[in-house]
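In: Show me how the following folds:
(one chain, ligands or ions: 1)
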Amino acid sequence: MVGQRVVVTGGAGFLGSHLCEALLARGDEVVAIDNLATGRLANVEHLFGADGFTFVRHDVSTYVWVPGPVHAVLHFASPASPKDYLELPIPTLKVGSLGTHNTLGLAKDKGARYLLASTSEVYGDPQVHPQPETYWGHVNPVGPRGVYDEAKRFGEAMAMAYHRAHGVEVRIARIFNTYGPRLRPDDGRVVSAFLAQALAGKPLTCYGDGSQTRSFCYVDDQVRGLLAFLDADHVGPVNIGNPDEHTVLELAEAVREVTGSSSAVVFEPLPVDDPTQRRPDITLARQLLGWEPKVCLAEGLARTAAWMAASTGA
Ligand code: UDP
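Out: Next up, the predicted model:
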């Protein structure tokens with residue numbers, strides 16, 4: 001798929017901006033669309049003026065049109081951190097539903113391939129561990145996280161309908177917790193929060209007793225997996241994440257080590273419906289894409305900490 005024209009919604013976001021960069025580096029043209037609700041121009045300002053890069057400020061929850069040929073549409077627009085989507089519940093529902101509908105319409109019209117950024121949150125608080133793609137999940141539709149989880153689940157259903165009814169070449173990626181440079185230090189996610197707190201010499205805020213688990217994927221690994229999937233001949237869903245699972249308390253310790261911080265850990269209430277465990281089964285991605293993550297947690301945290309220290313002056 002190299003040498004194509006690719007639309008990236010959420011192009012100024014964390015994952016979107018890394019995707020734009022990787023696509024340009026391999027010789028694709030990129031049209032990045034973002035309404036800057038949670039994305040930041042700073043994430044893509046180094047791409048302005050680069051050959052083949054266009055930025056459009058637009059909300060894809062409303063009608064979206066891109067003139068000229070489009071070979072692929074990557075739908076990555078959405079608030080993605082719990083703090084953000086709890087502050088923006090209706091925009092989150094809209095971009096996951098109407099935004100998915102509009103961008104699928106664009107892909108259909110252009111004959112473009114379509115990659116949906118879905119999420120491990122479709123598994124909710126999973127009762128099967130690790131989570132294979134065949135697991136249907138355990139989601140509370142009326143809880144506060146339902147705005148994100150159900151929008152993404154609807155997006156998957158909509159993508160499958162466009163695939164079945166209109167033959168759109170759909171790819172559904174279920175993205176597990178990913179971190180790296182360009183995470184907003186104030187986005188409330190655990191890696192950004194712990195790193196920002198450690199660098200500022202503040203206590204690390206651990207929710208609950210810290211025994212809940214997550215599996216953290218470094219952004220370069222994530223982007224490599226997503227592009228391999230985009231180019232592959234499989235609709236999905238496919239889990240893309242790192243199965244290296246840690247408790248939140250273990251993550252706090254890893255952050256303290258990497259940053260050389262002596263910050264204490266303080267305990268705060270566990271958010272409603274916070275999943276108790278999460279780890280991707282990546283058998284399918286390994287077989288299908290010959291992909292697996294390479295960057296270990298200590299290395300990824302060190303790279304992210306260096307970026308955050310430089311960008312915040314910490
Ligand atoms: N968490 C925490 N302290 C924080 C932020 C998050 O202990 O300052 C916990 C949160 O309760 C969850 C885990 O870290 O159990 C991952 O949270 P995050 O918001 O990064 O993403 P999630 O996987 O829940 O979408």
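In: Could you list the contact residues of the stretch 151-300 of the chain toward the ligand?
Out: 177, 188-190, 193, 205-207, 212, 214, 248, 270-271, 274 (Cβ under 6 Å from any ligand atom). Just so you know, the C-beta spots here come from the backbone N, C-alpha and C atoms, and that holds for glycine as well.
In: Could you pull up the contacting residues of the residue of the stretch 201-314 of the chain found nearest the ligand?
Out: The stretch 201-314 of the chain approaches the ligand most closely through Tyr207 (3.5 Å), counting by Cβ to the nearest ligand atom. With contacts defined as Cβ atoms under 8 Å, 6 or more residues apart in numbering, Tyr207 is in contact with Val248, Phe267, Glu268, Pro269, Leu270, Pro271, Asp274.
In: 6 Å - rerun?
Out: Counting by Cβ atoms under 6 Å, 6 or more residues apart in numbering, Tyr207 touches Glu268, Leu270.
In: which regions of the stretch 101-250 of the chain sit below the pLDDT cut-off?
Out: Within the stretch 101-250 of the chain, the set of residues satisfying pLDDT under 70 is empty.
In: Going by residue numbers, what spans are strands in it?
Out: Taking DSSP state E, counting those that start in this stretch as the test, the strands found in the stretch 101-250 of the chain are 113-119, 170-175, 178-179, 204-207, 213-215, 217-218, 238-240, 245-247.
In: Partner strands of the longest one and their direction?
Out: What that stands for is strand 113-119. When pairing is defined by DSSP bridges, strand 113-119 lines up against strand 72-75 (parallel), strand 170-175 (parallel).
In: mind checking pLDDT for the closest residue to Thr9 other than its chain neighbours?
Out: Using Cβ to Cβ, 6 or more residues apart in numbering and skipping the chain neighbours, the partner closest in space to Thr9 is Ala77 (3.9 Å). Looking at Ala77, its pLDDT stands at 98.
In: isn't Ala77 right up against Val60?
Out: Yes: counting by Cβ atoms under 6 Å, Ala77 does reach Val60; the two are 5.3 Å apart.
In: These two: who's more crowded?
Out: Ala77 (31 against 26; other Cβ atoms under 10 Å).
In: Which strand or helix spans the more buried one?
Out: Using DSSP states H and E, Ala77 sits within no helix or strand.
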